[in-house]
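# one predicted model, sequence on top.
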Amino acid sequence: MTDPEDLAERVHDGDLRLHELEEYADHDDAAKARRLLVERETGAELDAIGDYAFPAEQADPNVENMIGAAQVPMGVVGPVDVDGGAADGEHYLPLATTEGALLASVNRGLGIIRAAGGAEARVTKNGMTRAPVFRVDGVAEAADTVEWVADNLEALREAAESTTSHGELLDIEPYVVGDSVFLRFAYDTKDAMGMNMATIATGEACVLVESETPASLVALSGNLCSDKKPAAVNAVEGRGRSVTADVLVPGELVENRLHTTADAIAEANTRKNLIGSAKAGSLGFNAHAANVVGAAFLATGQDEAQVVEAANTITTMDARKRADGTTDLYASVSLASLEVGTVGGGTKLPTQAEALEILGLRGGGDPPGSNADALAEIIAVGALAGELSLLGALSSRHLASAHEDLGR
Ligand SMILES: CC(C)(COP(=O)([O-])OP(=O)([O-])OC[C@H]1O[C@@H](n2cnc3c(N)ncnc32)[C@H](O)[C@@H]1OP(=O)([O-])[O-])[C@@H](O)C(=O)NCCC(=O)NCCSC(=O)C[C@@](C)(O)CC(=O)[O-]
Ligand SMILES: NC(=O)C1=CN([C@@H]2O[C@H](COP(=O)(O)OP(=O)(O)OC[C@H]3O[C@@H](n4cnc5c(N)ncnc54)[C@H](OP(=O)(O)O)[C@@H]3O)[C@@H](O)[C@H]2O)C=CC1
């Protein structure tokens, strides 16, 4: 009984549940049966969704109730020289998006960075966090719990690291709010983005906390982590990789390629990215870092919901006067919480793995963690390019016409 028509019929009749079709047919037939059912019940035609280019079974760890694949156009920008702590040499950056003009813009920015001699980038902090919340009786028990944690870091490390051969517990930061105790565990997750790894490891450590303290676990994630929500804690303390990239662009390049001046871009950055963002109450002080991060995430198999954490980027642009009277542009981006991996999650899927291959960063690095560091540095340079180009377009009043020409 593996015929997709038959399976669709049985789901329709209530004999089978939509999510158990893989028990009766191979993964591709199960996906086809769901498409037939959805087509019948909604009137939609799902030919494009069903026209995917990998065995459905490969996506089994990534999606339930599969009907096909969403195909997002992918392009490539660069190459650009990245002088990083882990990334080195010239790189093309694959980006998947539906926003016309985005790749043209990042490509222009990377061309300018290349002409300026390349960008520098460094990962300055690394720690994937998970922060469970515990209930205690009151502040006295809260204080006892925090004290016990501080005195027993080694035992907690042993418990957490018993669940992983790669992850390392770096730190546990306690926060007390009345009768709630939050413990923000931070891990070096090497080349994995690390959310599954950190969650499993923290779960094990929580067993020890509960057995040795009055604290009772309420939720393994207590939102101080903070995952997939805009949060100041990530902007200040970092999450995943904290990464910074910068470049000094000679004034003549600004004029020839961005059709404006370093002074005009610096002013636009101050009034827009700093003052405008402050007035808006934004956590992000940038123009569109999320554009580049989101497109790179889609292309390389990252968890796209974590784009929100990368949106807290701070962009700086300063006009630097030279002795000869000309003015260069110093530009930087600092992404406090860029959560990336080159193993695990969506990185194994065929198109995503190929995209990582373009970067030379597929799979685990040598030493472990170096591939994810390099990916963070290259994405940061992509974000820097996007900031340069968009601020150039705003300063030269080309934004609307660029999108009229390329984005419609
Ligand atoms: C569109 C440009 C680049 C034209 O800019 P231009 O200087 O007129 O372009 P050009 O034809 O002289 O080409 C310059 C370079 O741009 C690149 N380039 C140029 N065209 C292409 C293309 N078709 N495909 C690939 N690359 C392209 C390419 O690198 C090229 O160099 P070349 O290789 O020729 O030596 C410029 O006007 C621009 O960057 N505008 C800004 C557009 C932008 O950044 N859009 C995305 C963000 S908008 C948004 O979503 C966020 C927002 C705005 O709401 C956030 C906010 O509030 O700020
Ligand atoms: N559970 C949760 O709460 C959440 C889960 N997610 C999802 O979690 C997934 C990402 O989790 P993540 O832990 O990154 O991935 P995986 O769960 O896919 O695990 C990756 C595993 O790969 C192994 N590994 C092999 N080589 C390396 C290496 N060089 N560096 C690091 N690890 C290596 C590690 O095994 P070992 O540990 O045995 O050494 C590691 O745990 C995504 O699908 C994401 O959507 C997202 C948010 C929350």
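Good, I have the coordinates. Ligands and ions are numbered 1, 2, ... in the order given.
# Val136 is in contact with Val218, correct?
No - counting by Cβ atoms under 8 Å, Val218 does not reach Val136; the two are 10.2 Å apart. Where you see a C-beta, it was placed from the backbone N, CA and C, and this is true even at glycine.
# shared neighbours of the two, anything?
Ser180 (Cβ atoms under 8 Å, 6 or more residues apart in numbering).
# look at those two and report which has more neighbours.
Set side by side, Val218 and Val136 show more neighbours around Val136, with 21 against 12, by other Cβ atoms under 10 Å.
# please name the nearest non-neighbouring residue to that one.
Nearest non-adjacent residue to Val136, counting by Cβ to Cβ, 6 or more residues apart in numbering: Ala142, 4.9 Å away.
# which strand or helix spans that neighbour?
In this structure, Ala142 sits in helix 139-151 according to DSSP states H and E.
# please spell out which residues along that helix are buried.
By neighbour count on 16 or more other Cβ atoms under 10 Å, the buried set for helix 139-151 is Glu141, Ala142, Asp144, Thr145, Val146, Trp148, Val149.
# quick check: buried residues in the next helix or strand after it?
Sequence-wise, the next helix or strand downstream of helix 139-151 (DSSP H and E) is helix 153-161. Buried positions in helix 153-161, judged by neighbour count with 16+ other Cβ under 10 Å: Leu156, Arg157, Ala159, Ala160, Glu161.
# adding pLDDT, write these out as a markdown table.
Output for the buried residues of helix 153-161, formatted as a markdown table (pLDDT from 0 to 100):
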| residue | pLDDT |
| --- | --- |
| Leu156 | 98 |
| Arg157 | 98 |
| Ala159 | 98 |
| Ala160 | 98 |
| Glu161 | 98 |
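# secondary structure class of Lys187, three-state.
I think there's a mix-up here, since residue 187 is Tyr and not Lys. Of the three states, Tyr187 takes strand according to DSSP: H, G, I helix; E, B strand; the rest coil.
# Val307 contacts Phe297, doesn't it?
Yes - with contact defined as Cβ under 8 Å, Val307 and Phe297 form a contacting pair (5.9 Å).
# neighbour count: those two, which is higher?
More crowded of Val307 and Phe297, by other Cβ under 10 Å: Phe297, with 25 against 22.
# the more buried one should be in a helix, yeah?
Yes - counting by three-state DSSP, Phe297 is part of a helix.
# wait, what's in contact with it?
Asp303, Glu304, Gln306, Val307, Val340.
# most neighbours among the residues you listed, which one is it?
Highest neighbour count within those: Val340, with 31 neighbours (other Cβ under 10 Å).
# just confirm it is within a helix.
No - counting by three-state DSSP, Val340 falls outside a helix, being coil.
# is the worst-scoring helix or strand of the chain on mean pLDDT anywhere near ligand 1?
Within the chain, judged by mean pLDDT, DSSP states H and E, the helix or strand with the poorest mean is helix 399-406; its value is a mean of 75. Yes - using Cβ under 6 Å from any ligand atom, helix 399-406 reaches ligand 1 at Leu399, Ala402, Leu406.
# test my guess that the second one contacts Ala104.
In other words, Ala402. Yes - taking contacts as Cβ under 8 Å, Ala402 lies within contact range of Ala104: 7.5 Å.
# re earlier: ok, and which of the contacts of Phe297 reach ligand 1?
Okay, of the contacts of Phe297, nothing touches ligand 1 (Cβ under 6 Å from any ligand atom).
# for the residues you listed, give me TSV that also has pLDDT and secondary structure.
Listed next are the contacts of Phe297 as TSV, based on pLDDT from 0 to 100; DSSP: H, G, I helix; E, B strand; the rest coil:
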residue	pLDDT	secondary structure
Asp303	98	coil
Glu304	98	helix
Gln306	98	helix
Val307	98	helix
Val340	98	coil
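# what parts of this protein come near ligand 1?
So far as Cβ under 6 Å from any ligand atom goes, the chain lies against ligand 1 at 99, 101-105, 107-108, 111, 287-288, 291, 389-390, 393, 398-399, 402, 406.
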